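Visitor: Pasting the sequence and the predicted model now:
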Amino acid sequence: MALNLLSFSARPSPTFSAATCQASAATFSVHSLTPPPPPPPPPPPQPPLLSLPQKSTPTPLPSSSCSLNCPHFQFCSGCTHEYSLHHPPILDEAIDFFEKLGVSGFDFDTCRLWGWRCRAKLAVRGSSTKPLIGLYQERTHDIVDIPECKAHHPSINAAVELLKQGMSKLNIEPYDEDQGTGELRYVQMAVTTYNTSLPASQRYKNGKVQVALVWNSGNENSPSSEKLNDLASFLWRNGGTKGKVHLIHSIWANFQTSTNNIIFGNRWRHLLGERDFWEHVGGIDVSLAPSSFGQANTRAFDFLLRKLHKYVPYGASVVDLYAGAGVIGLSLATTRKCRSVKCVEVNRESKVSFEKTAARLSETLDGSISWHHADASKEPFSWLVGSEVVVVDPPRKGLDLSLLDTLRSLSSVELKANLPESTGGKVKNEKRPWILRERETSVQVNSSTVQEENRSLPETLIYISCGWDSFKEDCMSLLSSKAWYLDKAHGFNFFPGTESIEVLAVFKRGSKPNIKRRKSGKKKRPS
Ligand SMILES: C[S@@+](CC[C@H](N)C(=O)[O-])C[C@H]1O[C@@H](n2cnc3c(N)ncnc32)[C@H](O)[C@@H]1O
């Protein structure tokens with residue numbers, strides 16, 4: 001699927017780091033699973049999970065601790081603030097927002113502050129003798145070279161350095177946007193920290209990089225393909241299994257000739273190394289092709305998933321909208337033994353990753369699990385029917401309006417849905433409309449599982465958001481419909497150094513129960 005440059009620099013970027021927050025076991029024991037961080041830079045004392053039940057401002061730390069210490073700060077558009085990485089400026093606003101809505105127990109998981117980015121898309125410009133590999137400078141098309149990025153997993157920086165050496169040695173020309181000439185346009189680097197042959201404590205820092213080279217040609221038969229193969233061989237020879245340092249997991253090519261600012265073309269080729277890229281998050285092994293969406297902050301995503309699990313009842317039926325490769329849905333299917341899970345994703349490239357993950361999990365999956373190549377904004381109601389829980393994880397711009405409207409009107413629709421003759425169109429005639437509608441592009445796991453007719457509508461809405469502004473709007477819109485109330489919210493430091501946080505919000509259908517304080521029943525002590 002095409003990605004464009006706006007989202008590229010929007011999902012905050014780069015870095016590399018050292019310390020992992022030491023969350024107190026009492027608040028979030030999963031942190032004890034976090035492998036120790038890579039050795040490098042400034043490892044100040046880490047503030048961990050900040051539990052903010054009241055309007056409590058987290059304990060202030062000196063501004064020098066938890067600072068970015070990145071030589072590229074101010075030149076590169078990836079990070080917007082330098083100090084107190086554990087406490088992004090937006091956090092205070094989030095605390096206020098949830099407090100005003102009467103949500104108790106909002107907490108913020110600070111996660112890893114440096115070296116957190118396990119997935120980066122970087123532009124390649126400059127010249128073969130002096131390649132520049134990095135992000136655009138704010139509001140320009142000038143690339144800032146970021147070899148010492150503190151957000152990047154250290155393996156990404158090492159792989160970028162190796163790539164530069166290869167380009168110089170083999171005379172690979174970076175892309176020239178004005179002329180449309182040159183060979184290498186972008187590179188995507190994705191790190192897998194899944195290596196069970198290492199002790200758990202050493203896995204993160206020994207992450208291996210899946211390198212995807214975006215080549216300026218229509219396919220692998222172009223005259224410049226020889227250079228592409230030479231570059232891949234160079235990377236593999238020096239960074240692959242037999243290199244001095246084993247750094248590279250695999251090398252892929254993507255072919256793109258478009259003159260707009262879309263990063264990837266439609267054609268992908270696996271060149272060297274392992275074809276399958278596995279990571280372990282949310283209690284499952286997940287496969288991620290370079291063409292599929294993958295979360296940039298692997299560790300923080302793992303924390304989020306583990307927190308998410310507890311909001312989904314055992315045996316529930318779930319629809320996972322904006323599902324990517326179905327990581328959330330499959331993680332729930334496995335850990336919560338879901339009766340059914342439907343994943344809905346518009347990028348067809350994610351299908352193969354879903355299939356691989358599901359195949360590896362097949363023995364643990366009992367329910368009916370499916371993935372659908374479909375646009376969640378089209379007939380959204382049909383996706384909601386039959387699920388008790390809906391999970392949405394939209395892009396930064398938030399929910400599609402049609403889906404938002406459908407969620408807002410769920411209480412009134414439910415009445416109709418329960419009346420056998422009253423629902424219109426496909427919903428009326430087909431028990432599982434999604435199967436009919438997307439037959440060619442769906443994947444059904446456990447097709448032998450008999451699905452009973454389930455016409456229920458979601459009672460729980462779990463909203464995962466990477467766009468704070470759009471989340472606020474969607475949240476207020478859902479609440480103003482009176483169809484939902486906000487029950488819980490958690491924040492995660494997915495993008496330290498930036499203005500963004502990730503939010504996990506749990507909405508329940510109906511009105512908020514009026515919880516009256518129970519009388520303790522204890523007898524007063526005689527004074
Ligand atoms: C923030 S990502 C989340 C992916 C997935 N939940 C995960 O964590 O790996 C948003 C996903 O929504 C997909 N998407 C965007 N618009 C969509 C739509 N209208 N219908 C279905 N999927 C959509 C994107 O392709 C992307 O994979």
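Guide: Thanks, I have it.
Visitor: contacting residues around the residue of the chain found nearest the ligand?
Guide: Proximity of the chain to the ligand (CB to the nearest ligand atom) peaks at residue 324, 2.9 Å away. Every residue, glycine included, has its C-beta placed from N, CA and C. When contacts are counted by CB atoms under 8 Å, 6 or more residues apart in numbering, residue 324 touches 292-294, 345, 347, 350, 393.
Visitor: And what about it, helix, strand or coil?
Guide: Here residue 324 takes the coil state, with states given by DSSP: H, G, I helix; E, B strand; the rest coil.
Visitor: so how far is residue 154 from it?
Guide: For residue 324, the distance to residue 154 (CB to CB, to the nearest Å) stands at 26 Å.
Visitor: rewinding a little: just give the nearest non-adjacent residue to the residue of the chain closest to the ligand, would you?
Guide: residue 293 (4.0 Å; CB to CB, 6 or more residues apart in numbering).
Visitor: Ramachandran angles for the residue nearest to residue 116 when sequence neighbours are not counted?
Guide: Nearest residue to residue 116 in three dimensions, chain neighbours excluded: residue 297, at 4.9 Å (CB to CB, 6+ apart). Main-chain dihedrals, residue 297, degrees, to the nearest 10: phi -110, psi 90.
Visitor: can you pull the contacts of residue 297?
Guide: 111-112, 116-118, 494-495.
Visitor: I'd say the residue nearest to residue 324 and residue 325 touch.
Guide: Yes. Contact criterion CB atoms under 8 Å: residue 293 and residue 325 qualify, at 7.0 Å.
Visitor: Regarding this protein, what is its longest helix?
Guide: If you go by DSSP state H, the chain has its longest helix at helix 154-170.
Visitor: How about exporting that one as CSV, limited to the C-alpha atoms?
Guide: The C-alpha coordinates for helix 154-170 follow below in CSV (Å, rounded to 0.1, in the frame of the first residue of the first chain):
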residue,chain,number,x,y,z
PRO,A,154,21.0,1.2,17.8
SER,A,155,20.8,-1.5,15.2
ILE,A,156,19.1,0.9,12.8
ASN,A,157,21.9,3.4,13.1
ALA,A,158,24.4,0.7,12.6
ALA,A,159,22.6,-0.6,9.5
VAL,A,160,22.3,2.9,8.1
GLU,A,161,26.1,3.3,8.5
LEU,A,162,26.6,0.1,6.6
LEU,A,163,24.3,1.1,3.9
LYS,A,164,26.2,4.4,3.4
GLN,A,165,29.4,2.4,3.1
GLY,A,166,27.9,0.2,0.5
MET,A,167,26.5,3.1,-1.5
SER,A,168,29.9,4.8,-1.6
LYS,A,169,31.7,1.7,-2.5
LEU,A,170,29.3,0.7,-5.2
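Visitor: interface residues of the stretch 301-450 of the chain facing the ligand?
Guide: Counting by CB under 6 Å from any ligand atom, the residues of the stretch 301-450 of the chain lying close to the ligand are 322-324, 327-328, 344-347, 375-377, 393-395, 400.
Visitor: brain fart, the chain
Guide: So far as CB under 6 Å from any ligand atom goes, the chain lies against the ligand at 293, 295, 322-324, 327-328, 344-347, 375-377, 393-395, 400, 466.
Visitor: Next step: these restricted to strands.
Guide: Among the residues of the chain next to the ligand, the members falling in strands (DSSP state E) are 344-345.
Visitor: Tell me where the stretch 301-450 of the chain has strands.
Guide: With strands called from DSSP state E, counting those that start in this stretch, the stretch 301-450 of the chain shows them at 317-321, 340-345, 368-373, 389-392, 442-445.
Visitor: List just the one of those strands that sits closest to residue 169.
Guide: Closest of these to residue 169 is strand 340-345, at 39.9 Å (criterion: CB to CB).
Visitor: Show me what that closest one is in contact with.
Guide: 317-326, 328-330, 332-333, 351, 354, 367-374, 376, 383, 386-387, 434, 451, 454.
Visitor: Neighbours of the residue nearest to residue 273 when sequence neighbours are not counted, how many?
Guide: Excluding the flanking residues, the one nearest residue 273 by CB to CB, 6+ apart is residue 250, at 3.1 Å. Using other CB atoms under 10 Å, the number of residues around residue 250 comes to 24.
Visitor: re earlier: check the strands of the stretch 301-450 of the chain for me and report the most buried one.
Guide: With neighbours defined as mean count of other CB atoms under 10 Å, these peak in mean count at strand 340-345, which reaches a mean of 28.
Visitor: So for it, mean pLDDT?
Guide: In this model, strand 340-345 has a mean pLDDT of 96.
Visitor: Listing partners with orientation, what would you give for that strand?
Guide: Sheet partners assigned to strand 340-345 using DSSP bridges are listed as strand 317-321 (parallel), strand 368-373 (parallel).
Visitor: Name the helix or strand for residue 189, please.
Guide: Following DSSP states H and E, one finds residue 189 within strand 184-192.
Visitor: Return the following helix or strand past that strand as PDB; C-alpha atoms alone will do.
Guide: Once strand 184-192 ends, the next helix or strand along the chain (criterion: DSSP H and E) is helix 200-203. The C-alpha coordinates for helix 200-203 follow below in PDB (Å, rounded to 0.1, in the frame of the first residue of the first chain):
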ATOM      1  CA  ALA A 200      15.600 -12.800  27.200                       C
ATOM      2  CA  SER A 201      17.800 -10.000  28.800                       C
ATOM      3  CA  GLN A 202      20.000  -9.800  25.600                       C
ATOM      4  CA  ARG A 203      17.300  -9.900  22.900                       C
END
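Visitor: Low-confidence stretches in the protein?
Guide: Flagging of the chain using pLDDT under 70 yields the residue ranges 1-64, 412-440, 446-453, 516-527.
Visitor: What lies in contact with stretch 154-161?
Guide: Applying CB under 8 Å, 6+ apart, the contact partners of stretch 154-161 are 16, 38, 40, 115, 117-118, 120, 122, 133, 147-149, 187, 189, 191, 205-209, 211, 235, 239, 245, 247-248.
Visitor: Break down this protein into its helices, ranges please.
Guide: 5-10, 90-100, 154-170, 200-203, 225-239, 298-309, 327-335, 350-361, 380-384, 401-408, 410-418, 425-429, 433-437, 468-480.
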